[in-house]
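Participant: got a predicted structure here, sequence first:
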Amino acid sequence: MNKSREVDQWFDAYEHPAKDAMQHVRETILAADPRMSECIKWKSPTFVFEGNLASFNPNTKKHVSLMFHTGAKIPGAHPRLEGGGNTARYMRIADLAEARAAEAALRALVAAWCAMKGDDAGAKKSAAKKPAAKKSVAKKPAAKKSVAKKPAAKKSVAKKPAAKKSVAKKPA
């Protein structure tokens, strides 16, 4: 069971008429699947595996109130869950006797959540591990440059004959 020290401390400091029922719900959820763990979020014990499954509502004093954050998306029929809309669902538990009666429903919720999230996590991990698809591009061999080597051109410098000076003769 993945009990957290910080959640233990929270329960030590928390006063609630149905604290024993809350502890029973906690133990049932954590025992339902070894991947389930707990932490304190929003100043309340929260049960997590690959996301937030549920949190206690610590302000409700007449009963234990457990909010399933995305309860509408948990696959399967869960008649103990209350609420409408597209997101959250709630479970109310009056006392320890009702917490014991709710064990099977809680285990079913945890199993459905973990199966859904486990499948999601597996799909994400396998997608992350897949190498990118290689494009099948036929490579053309590099074109060989057929450059005929020409012998280096000889610089032929034509020598110009020296210019003749024309000297005019003076009459004698």
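Facilitator: Structure received.
Participant: pLDDT below threshold where in this structure?
Facilitator: Scanning the chain for pLDDT under 70 picks out 1, 120-172.
Participant: could I get the full set of helices for it?
Facilitator: Here the chain has its helices, by DSSP state H, at 5-13, 19-32, 96-101, 103-129.
Participant: and those helices, which is most packed in?
Facilitator: Ranked by mean neighbour count under mean count of other C-beta atoms under 10 Å, these are led by helix 19-32, which reaches a mean of 19. Bear in mind the C-beta positions are built from the backbone N, C-alpha and C, glycine included.
Participant: using CSV, write out every CA atom in that helix.
Facilitator: What follows is helix 19-32, C-alpha atoms only, in CSV (Å, rounded to 0.1, in the frame of the first residue of the first chain):
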residue,chain,number,x,y,z
LYS,A,19,-12.7,10.2,10.1
ASP,A,20,-12.7,6.4,10.6
ALA,A,21,-14.8,6.1,7.4
MET,A,22,-12.4,8.4,5.5
GLN,A,23,-9.4,6.2,6.6
HIS,A,24,-11.3,3.1,5.5
VAL,A,25,-12.0,4.7,2.0
ARG,A,26,-8.3,5.6,1.9
GLU,A,27,-7.1,2.1,2.6
THR,A,28,-9.6,0.6,0.2
ILE,A,29,-8.5,2.8,-2.7
LEU,A,30,-4.8,2.3,-2.0
ALA,A,31,-5.2,-1.5,-1.7
ALA,A,32,-7.2,-1.8,-4.9
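Participant: what's the closest of the helices of the chain to Asn86?
Facilitator: Minimum separation from Asn86 across the helices of the chain (C-beta to C-beta) falls at helix 103-129, 16.0 Å.
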